[in-house]
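In: With the input below, show me the fold.
(3 chains)
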Amino acid sequence: METTDFEKQLFDLQKKVGKIEKGTKDQLSMVVFSGDLDKILAALIIATGAAAFDMKVNLFFTFWATAALRDPKKSVSGKNFMSKMFGMMLPKGSNKLKLSKMNMAGMGTFMMKGIMKKHKVASLDEMFATAAELGIVINICEMSMSLMGFKKEEMIDYPNMNICGVATFLADASESKVQLFI
Amino acid sequence: METTDFEKQLFDLQKKVGKIEKGTKDQLSMVVFSGDLDKILAALIIATGAAAFDMKVNLFFTFWATAALRDPKKSVSGKNFMSKMFGMMLPKGSNKLKLSKMNMAGMGTFMMKGIMKKHKVASLDEMFATAAELGIVINICEMSMSLMGFKKEEMIDYPNMNICGVATFLADASESKVQLFI
Amino acid sequence: METTDFEKQLFDLQKKVGKIEKGTKDQLSMVVFSGDLDKILAALIIATGAAAFDMKVNLFFTFWATAALRDPKKSVSGKNFMSKMFGMMLPKGSNKLKLSKMNMAGMGTFMMKGIMKKHKVASLDEMFATAAELGIVINICEMSMSLMGFKKEEMIDYPNMNICGVATFLADASESKVQLFI
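Out: As a prediction, the model looks like this:
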């Protein structure tokens, strides 16, 4: 093989490897779909764990999970009838979430929170604070926001929060080593 | 280092990179397990979004999700008792699916469909049509079909639809950049 | 280009490829979160399928899924009130699990088990035995164990079973080609 041949082959390989590298970043992309307390807890435990290991973490909150991001202290005026109805029926913020199983009219959820406290497991609010500190990005699904009539002004204060479409999740996921749907 | 040495090392590396490339295709493989309207909507929004970005998309419909693929206009005779019972109890096609939360005896599902229409979000049927146009492959789990007594003749008309086993999903997933279980 | 230049570039590329290779092992990492019969069945069908194709498989059992790993023949004394309550309320072992849909006071679950038997689909217990033979690793979430008051002594006999934290899942997932959350 001649030198120029080497050169070309090496160059081609470098390009290929560069492309693969871009697609396997030390990054975790998660769709958070469920609005259940236990599933959002699981999502945040995995997310903050990954961020603590220096992975870049992107969460894409969609459907029921968006309700968990509402700030109970904020309210927005000028909503139409449907938006008001959804607003009333869906849990307002992380403290109103219920377990997917064994909720038992709230008792199971209450018990679980008590046990978590006793075992010094962080509450959901504390986890969101940690997530913010660790630089975890929270993207909220634009379509879900508009279907449920939620506005950005009623969401919790969070430094890296964006409203965006599924394309953003797909772009993130394509570059991530790990992807999950919760 | 000598030229032949270079040659060998370059060749080895090319082989390795080729293998890695095969395992990180611009491809999305998804298990669609849930039969809830909201989850199948999410699956199809992600799938059609990915296909629009030129990703190859393979959906593996299994368990409850298979019922969503039944065509309400088709019926199959010669089923045994158990198959008939499953057939009756499971929703027949995408228009019979319910939300996983807030179904409220159908009212929540009805409301959600109304809001989707108002916001010009495509219905599930329209999404399946788009998926077909975009070349998305729908694989249906053979085992689920036989457990629930469904036959291929009662499924919707869809150009890239196959009945196959979990091995097909695993082969697809192993080559895909992104994998999800919904 | 000079030979030493080649050498350096080839060396750099080999290092990069080595790193990428480590992150795309023929390995499947799954979070098993749900405690529903149908979802745990799906997890084990995918897991044993992957292991049969020579993939290394790591399952991370967390939250409700941990209850499915309890051995109904074993019992542990010295539990506190909360642990006893959780112990009583959660299904004890794989035979007590219910379908996520159509449980219908147990009838749907009973029917499904009957049909599975008829179609020679392995029961959950048989699948765990197969998983053990295939060398599938079962990691149980430490936090879930302590929240629900479960102890290792009451879990099923399984050769590759460890109690560990989410960090173990993340380390496994980062090296795996395929990751799922069920």
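
In: Could you use CA atoms for every contact and neighbour count after this?
Out: Fine.

In: Longest helix of chain A, counting residues only.
Out: helix A:3-23 (DSSP state H).

In: Other residues contacting the helix or strand that it is followed by?
Out: Next along the chain after helix A:3-23, taking DSSP states H and E as the criterion, comes strand A:25-32. Residues from elsewhere that reach strand A:25-32 (C-alpha atoms under 8 Å, 6 or more residues apart in numbering or on different chains): A:40, A:43, A:47, A:50, A:54-62, A:65, A:169, A:172-173, A:175-182, C:174.

In: With stretch A:156-165 instead?
Out: Under C-alpha under 8 Å, 6+ apart, the answer for stretch A:156-165 is A:69-71, A:132, A:135-143, A:152.

In: Secondary structure of residue A:84: a helix, I assume?
Out: Yes. Looking at residue A:84 with DSSP: H, G, I helix; E, B strand; the rest coil, it is inside a helix.

In: what is the mean pLDDT for stretch A:53-68?
Out: Mean pLDDT, stretch A:53-68: 96.

In: Could you do stretch A:9-23 as well?
Out: 91.

In: Can you point out the buried residues in that stretch?
Out: Residues A:10, A:13-14, A:17, A:20-21, A:23 are the ones in stretch A:9-23 that count as buried (16 or more other C-alpha atoms under 10 Å in any protein chain shown).

In: Now that we have those residues, can you turn them into TSV and tack on distance to chain C?
Out: Compiled in TSV, the buried residues of stretch A:9-23 are given as follows (distance: C-alpha to the nearest C-alpha, whole Å):
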residue	distance to chain C
A:10	7
A:13	8
A:14	7
A:17	7
A:20	8
A:21	7
A:23	10
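
In: now, among those, which is nearest to residue B:116?
Out: residue A:23 (33.7 Å; C-alpha to C-alpha).

In: thought that closest one was touching residue A:174?
Out: Yes. The pair residue A:23 / residue A:174 is scored as a contact, 6.0 Å apart, by C-alpha atoms under 8 Å.

In: Can you check which residues contact both of these two?
Out: residue B:177.

In: Give me the residue at the spatial middle of chain A.
Out: Nearest residue to the geometric centre of chain A (C-alpha atoms, centre = their mean): residue A:59, 2.7 Å.

In: tell me what the longest helix of chain A is packed against?
Out: Counting contacts by 3 or more C-alpha pairs under 8 Å, 6 or more residues apart in numbering or on different chains; DSSP states H and E, helix A:3-23 packs against helix B:3-23, helix C:3-23.

In: Can you get me a residue count around residue A:155?
Out: Neighbourhood size, residue A:155 [other C-alpha atoms under 10 Å in any protein chain shown]: 22.

In: and the residue nearest to it when sequence neighbours are not counted, how far is that from chain B?
Out: If the residues on either side of it in the chain are set aside, residue A:155 comes closest to residue A:70, at 4.3 Å by C-alpha to C-alpha, 6 or more residues apart in numbering or on different chains. Residue A:70 sits 18 Å away from chain B, going by C-alpha to the nearest C-alpha, to the nearest Å.

In: Around chain C, which positions in chain A sit nearby?
Out: Selection of chain A residues close to chain C by C-alpha under 8 Å from any C-alpha of the partner chain yields A:3, A:7, A:10, A:14, A:17, A:21, A:24, A:26, A:38, A:45-46, A:49-50, A:112, A:115-116, A:119, A:177-182.

In: Show me the contact partners of stretch A:121-140.
Out: A:41, A:44-45, A:47-48, A:51-52, A:56-62, A:66, A:94-95, A:113, A:116-117, A:158-165.

In: Mind doing that once more with 6 Å?
Out: By C-alpha atoms under 6 Å, 6 or more residues apart in numbering or on different chains, the residues outside stretch A:121-140 that reach it are A:48, A:57-61, A:160-163.

In: Touching, the residue nearest to residue A:155 and residue A:93? I think so.
Out: Yes. Between residue A:70 and residue A:93 there is a contact under C-alpha atoms under 6 Å: 4.6 Å.

In: okay, the two: which has more neighbours?
Out: Taking neighbours as other C-alpha under 10 Å, residue A:70 and residue A:93 compare with residue A:70 leading, 24 against 21.

In: dump the residue contacts of the more buried one.
Out: A:92-93, A:154-156.

In: want to throw those residues into JSON lines with pLDDT and secondary structure?
Out: JSON lines is the format used below for these (pLDDT from 0 to 100; DSSP: H, G, I helix; E, B strand; the rest coil):
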{"residue": "A:92", "pLDDT": "92", "secondary structure": "coil"}
{"residue": "A:93", "pLDDT": "91", "secondary structure": "coil"}
{"residue": "A:154", "pLDDT": "95", "secondary structure": "helix"}
{"residue": "A:155", "pLDDT": "96", "secondary structure": "strand"}
{"residue": "A:156", "pLDDT": "96", "secondary structure": "coil"}
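
In: Show me which of those residues is closest to chain C.
Out: Within these, the smallest distance to chain C is 21.9 Å, found for residue A:93 (C-alpha to the nearest C-alpha).

In: so who does that closest one touch?
Out: Contacts of residue A:93 by C-alpha under 6 Å, 6+ apart are A:68-72.

In: Give me the distance from the helix or strand hosting residue A:107 to the chain's centre.
Out: Here residue A:107, judged by DSSP H and E, is contained in helix A:107-118. Here helix A:107-118 is found 23 Å from its chain centre; the criterion is C-alpha atoms, centre = their mean, to the nearest Å.

In: what's the answer for stretch A:146-153, then?
Out: Using C-alpha atoms, centre = their mean, the offset of stretch A:146-153 from its chain centre is 17 Å.

In: Please enumerate residues in contact with that stretch?
Out: A:83, A:86.

In: Tell me the buried residues in that stretch?
Out: Buried-residue list, stretch A:146-153, by 16+ other C-alpha under 10 Å: A:147-152.

In: First-to-last residue distance for that stretch?
Out: With C-alpha to C-alpha, to the nearest Å as the measure, the ends of stretch A:146-153 fall 13 Å from one another.

In: for stretch A:17-31, same thing?
Out: Terminal-residue distance, stretch A:17-31 (C-alpha to C-alpha): 28 Å.
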